[in-house]
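3D, please:
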Amino acid sequence: MINNEIVVLIEKHCLFCDKKYLSVTKGFGQKKIYCSKRCREKYFNLINPDKLRVYRHTDYLKYHKKFCKFCGDEIINRTNNNVFCDSVCRHEKQLITQKIWKHKIFELYSNFKKDCGCALCGYNKNGACLDYHHILNKKFRVDAILFYYMTERTYNEFLKCILLCKNCHYELHNKFT
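A predicted model of the protein is given here:
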């Protein structure tokens, strides 16, 4: 008797693995029928396959597998909610994402130039055929990335330029007009 409680050691058989184990019963209740939490979980999952009940993190990983978002392989070393199986897959996915964003930026830039058209002849069929010509002193080249991430410095550089088609731009530089 410990602290006015009756403690009884009973030898029992596990309901799942049928191993013998000693069950400690304190007072009334506590009907332990499994030798461990793992056996209790496995027995529950066996009886209820549609409801997975998980008690330990290692068992959680067994039943809830994660797969790489790039290659589709199973993620083995799962820490910090990994979505890629290794750094190579993560890097490849980043390259693809960067390429997609860069394409969107260039498409937006090309459409903007196409909407404006050439300042001399009015050409506006293709934005790739239009260039910016600096009228005043040039500090840096105006391009799609600077256009997308517009700052005050970039905006001031845009104000120094006019938009010309390739033919008009070459004629202006070679003074054939």
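
Is residue 10 part of a helix or strand, or is it coil?
At residue 10 the chain is in strand, as set by DSSP: H, G, I helix; E, B strand; the rest coil.

which residues touch the closest residue to residue 14 other than its chain neighbours?
Nearest residue to residue 14 in three dimensions, chain neighbours excluded: residue 35, at 3.9 Å (Cβ to Cβ, 6 or more residues apart in numbering). Where C-beta positions appear, they are placed from N, C-alpha and C, glycine not excepted. By Cβ atoms under 8 Å, 6 or more residues apart in numbering, residue 35 lies in contact with 14, 16, 17, 19, 21.

can you do 6 Å?
Taking Cβ atoms under 6 Å, 6 or more residues apart in numbering, we find residue 35 in contact with 14, 19, 21.

where does this protein dip in pLDDT?
Along the chain, the model assigns pLDDT under 70 to residues 1-8, 24-31, 49-64, 76-81, 176-177.

Tell me which stretches of it form strands.
7-13, 20-26, 130-134, 161-165 (DSSP state E).

Could you check the angle the last one makes with strand 130-134?
Same thing as strand 161-165. Angle, strand 161-165 to strand 130-134, by axes from the mean of the first three to the mean of the last three Cα atoms, to 10 degrees: 140 degrees.

Against which helices or strands is strand 161-165 packed?
Judged by 3 or more Cβ pairs under 6 Å, 6 or more residues apart in numbering; DSSP states H and E, strand 161-165 is in contact with strand 130-134.
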